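Participant: Here is a sequence together with a model predicted from it:
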Amino acid sequence: DAGITQSPRHKVTETGTPVTLRCHQTENHRYMYWYRQDPGHGLRLIHYSYGVKDTDKGEVSDGYSVSRSKTEDFLLTLESATSSQTSVYFCAIGGLFDTYGYTFGSGTRLTVV
Amino acid sequence: AQTVTQSQPEMSVQEAETVTLSCTYDTSESDYYLFWYKQPPSRQMILVIRQEAYKQQNATENRFSVNFQKAAKSFSLKISDSQLGDAAMYFCAYRTGYGGATNKLIFGTGTLLAVQP
């Protein structure tokens, strides 16, 4: 979507390796989110950020860490990838008083083999 | 904690017909927002329609409308005159209205809609 990009779009990695996914926004939004999408589970929140260096855990944060050193970038790291982390990962952005839901990136399909 | 339930994993509709997708939610809050998102095979998440809890009037966007029943905590999506391009996964989502760090979207598990020609 305009104003938010995710990279890479696809990635295959081996079990046990670290992986970093990047979310970049040009909207200057304060809030950024990482979700994972799995069949039968919808989208579940992994981590979110409410400002530079301000992050918090979502409902499925185990095995993931995040960093936000500047407003426009929010990184998601799988410290040691496992097959259970095979998923589609979405980044989303939202403003403080944004009542129109969020703007989502196009997603990253990650396969851990 | 808030939860969102979509009890129909899959639905099918004939082209030009009307279909209703169900969504229920659980919350103790009085101020919140509800959304329907569409996810076509391209994987893009597209906002279809939103509803503010404090508004009694049901939201409408062209062929898409909702039936918001606040007391029953129900938020169904009606698609009229279904088109082939409506085929997608549809997600119902809840967001607290209080803003700040609690500003998170909670999603249902989705309903996969097929449109038959």
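Facilitator: Yes, it's here.

Participant: so which helix or strand takes in the residue most central in space within chain A?
Facilitator: Residue closest to the mean C-alpha point of chain A, counted by CA atoms, centre = their mean, is residue A:34 at 2.9 Å. Residue A:34 belongs to strand A:31-38 when assigned by DSSP states H and E.

Participant: wait, what's in contact with the nearest residue to residue A:27 once chain neighbours are set aside?
Facilitator: For residue A:27, ignoring the flanking residues on the chain, the nearest one in space by CB to CB, 6 or more residues apart in numbering or on different chains is residue A:3 at 4.3 Å. Where you see a C-beta, it was placed from the backbone N, CA and C, and this is true even at glycine. Applying CB atoms under 8 Å, 6 or more residues apart in numbering or on different chains to residue A:3 gives the contacts A:25, A:26, A:27, A:93, A:103.

Participant: can you pick the most crowded of those?
Facilitator: residue A:93 (26 neighbours; other CB atoms under 10 Å in any protein chain shown).

Participant: secondary structure element for the most centrally placed residue in chain B?
Facilitator: The centroid of chain B falls nearest to residue B:36 when counting by CA atoms, centre = their mean (3.0 Å). Assigned by DSSP H and E, residue B:36 falls within strand B:32-39.

Participant: elements contacting that strand?
Facilitator: Under the contact definition 3 or more CB pairs under 8 Å, 6 or more residues apart in numbering or on different chains; DSSP states H and E, strand B:32-39 sits against strand B:46-52, strand B:64-69, strand B:74-79, strand B:88-96.

Participant: Give me the sheet partners of that strand and which way each runs.
Facilitator: When pairing is defined by DSSP bridges, strand B:32-39 lines up against strand B:46-52 (antiparallel), strand B:88-96 (antiparallel).
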